[in-house]
Structure formats: structure tokens, C-alpha cells
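I would like the atomic coordinates for the input below:
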Amino acid sequence: MTPIELRRQGYQVLVENLGQINAIRFLQQVGWGHGDYTKEREHLLQSVTRDEFWQDIQKIRNR
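Residues are numbered from 1 along each chain as shown. Predicted coordinates for the structure are as follows:
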């Protein structure tokens, strides 16, 4: 599925479940974000070791 198809289907699901007005209100509340996600994640994860990362993955898989 292309990004355009995903977005179109996402909008369709919102409108079908919320109606046009509430779908628009939802999208306005969610917004488009700000900042540089990549730099923020790099900063937050710079102290995480590879072993800690894999331990977290295993915890998630075991849920």
C-alpha cells in the first residue's frame, strides 16, 4: 500500500466512523506535529545500549 493509499483509506475510516465534521475536528486536534523527530529520538536513545534495546524488544514480544 502506498502512502497516498494509506492516507486515503485512513480518511475514509475516520469519516465512516466519526462523520465528516468530527473527522475534521479530530484531524485538527491531532495536528501535524513539530520539531525534528529524528534528532529527538537520537538524543533520547543515545545512552541505550544494544543489549538494553534487545531486552526491551523481548519484553514486548513476551506480552
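
Counting residues, name the longest helix you see in this protein.
helix 3-30 (DSSP state H).

in it, what counts as buried?
Buried residues in helix 3-30, counted by 16 or more other C-beta atoms under 10 Å: 14, 23. The C-beta positions use only the backbone N, C-alpha and C, and glycine is treated the same way.

from the chain's centre, how far out does that helix sit?
Put simply, helix 3-30 sits 15 Å off its chain's centre (C-alpha atoms, centre = their mean, to the nearest Å).

next one: stretch 39-54
Using C-alpha atoms, centre = their mean, the offset of stretch 39-54 from its chain centre is 18 Å.

Do me a favour and average the pLDDT over it.
Across stretch 39-54, the average pLDDT comes to 91.

Next, the distance between the ends of that stretch.
With C-alpha to C-alpha, to the nearest Å as the measure, stretch 39-54 spans 21 Å from end to end.

Next: stretch 31-50.
Per C-alpha to C-alpha, stretch 31-50 runs 33 Å from first to last residue.

C-terminal to the longest helix of the chain, what's the next element?
Note on helix 3-30: by DSSP states H and E, the next helix or strand toward the C-terminus is helix 37-45.

Where does the residue of the chain positioned farthest from its centre sit: helix, strand or coil?
Relative to the centre of the chain, the most outlying C-alpha is that of D51, 24.8 Å out, by C-alpha atoms, centre = their mean. In three-state terms, and counting by DSSP: H, G, I helix; E, B strand; the rest coil, D51 is helix.

Sweet, I'm off.
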